[in-house]
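Undergrad: here is my input; please provide its structure:
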Amino acid sequence: MTPDHLADPSLGIPVSPRLTCHPAKQRLYGADTYYQEAHEQLASLTDDVTGFAHRHAALLLKPDAVVSRRLEAAVDWLTGLGFGIVGAAVTRLTRTMIRSLWYFQWNLATPYRRKLAALFLEDADALVLLVRHAHDTGVPASVELTRLKGPTDPDARRPGQLRHLLGRHSYLLNLVHTPDEPADVLRELAVHFDETTRGRLLRSALADEDRTVDALELTGRLYAATKPRDLDFEPAVGRLRDAVSRHTGTDPTATARTLLETAWEEGIALDPWDTVIVGSKVLPMRVPGRAPVLDGADAGTWRRHLDTLRANPT
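TA: Below is the predicted model of the structure:
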């Protein structure tokens, strides 16, 4: 039986195994400032922190979803699958926030991936939706939403998944992100929002308020603040080729990777979105053989985990 608290109490707070399948995440999140802040604030609002974290999930609609005008499609997809929007707020993915969100996964990111992410994630605001499923799916809402969202690999996405619906552009341009497990939902709410905004979202969710109209209003504001962009590869390569050729007379048959590397070597200013669109397709995004420090768990793993906890109650 996994103990209810694996963290050193001198370093942090208890993290229940009902919030994550991973003992290592229990230890690390117990001492993590973001997790502590969200857990403590939620505990001041409800006695059922674990139940809240199980029933709710979060969807981050990233800047690539904003500029490609795919926010309404995501809202329709959510509601069509029985997820009600109980909170909505705008976030800005700064350099620090990006590293905080993916702190335990970015150890496998290549320098190219970090360079490209900085070009587009900070280019526009993003939208966070706090959601609750209308029915008990047998696993935490975050696990179910992550399953339905689809994988990072564009070639592995399937019809019906959100990432397939919104566009199979590249490993990096995947338009959306979801916290993997209940513990991640709490932690990421604290990464995105200060105490005031986070409190508003938590109270709205606890009251089971319908915030779909708010989500669509914020969508309009985000669109008004950004120019629309297509994220298609071939047009972006053509624009990059023109930009580099104007400065260097580069061989017109040069590969997309050569174009990027030449531009960077020569200090040629490139359109950030074109750079990301092309770079995320032709440059390595993941260090081979390296695993994330922490990861999620699929629905099957969670069902077995919950069966074990029910068979061995504390």
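Undergrad: buried set for stretch 302-314?
TA: Using 16 or more other C-beta atoms under 10 Å as the test for burial, stretch 302-314 gives 302, 305-306, 309. Using the backbone N, CA and C atoms, a C-beta is placed for each residue, glycine as well.
Undergrad: pick the one among those residues closest to Leu145.
TA: Trp302 (12.5 Å; C-beta to C-beta).
Undergrad: host element of the closest one?
TA: Using DSSP states H and E, the element containing Trp302 is helix 299-311.
Undergrad: quick one: contacts for the residue most central in space within the chain?
TA: Nearest to the mean C-alpha position of the chain, counting by C-alpha atoms, centre = their mean, stands His177 at 2.4 Å. By C-beta atoms under 8 Å, 6 or more residues apart in numbering, the residues touching His177 are 59-60, 62, 101.
Undergrad: do the same with His135
TA: Gly82.
Undergrad: can you give me the strands for the stretch 101-250 of the chain?
TA: For the stretch 101-250 of the chain, the strands defined by DSSP state E, counting those that start in this stretch cover 126-133, 176-177.
Undergrad: any stretches of this protein with poor pLDDT?
TA: The model of the chain has pLDDT under 70 over residues 1-8, 250, 314.
Undergrad: farthest residue from the center of it?
TA: Going by C-alpha atoms, centre = their mean, the residue of the chain most distant from its centre is Gly249, 39.6 Å out.
Undergrad: separation between that one and Val185?
TA: Between Gly249 and Val185 the computed distance is 52 Å (C-beta to C-beta, to the nearest Å).
Undergrad: so which of the strands of the stretch 101-250 of the chain gets nearest Val191?
TA: Per C-beta to C-beta, nearest to Val191 of the strands of the stretch 101-250 of the chain: strand 126-133, 10.1 Å.
Undergrad: list of residues touching stretch 285-299?
TA: Residues outside stretch 285-299 that contact it (C-beta under 8 Å, 6+ apart): 20-22, 24-25, 28, 104-105, 107-110, 112-113, 138-139, 143-144, 146-147, 171-172, 180-181, 184, 305.
Undergrad: so among those, which ones count as buried?
TA: 20-22, 25, 28, 104, 108-109, 112-113, 139, 143-144, 146-147, 171-172, 180-181, 184, 305.
Undergrad: before we move on, back to that, quick one: which of the contacts of His177 sit in helices?
TA: Among the contacts of His177, DSSP state H puts Leu101 in helices.
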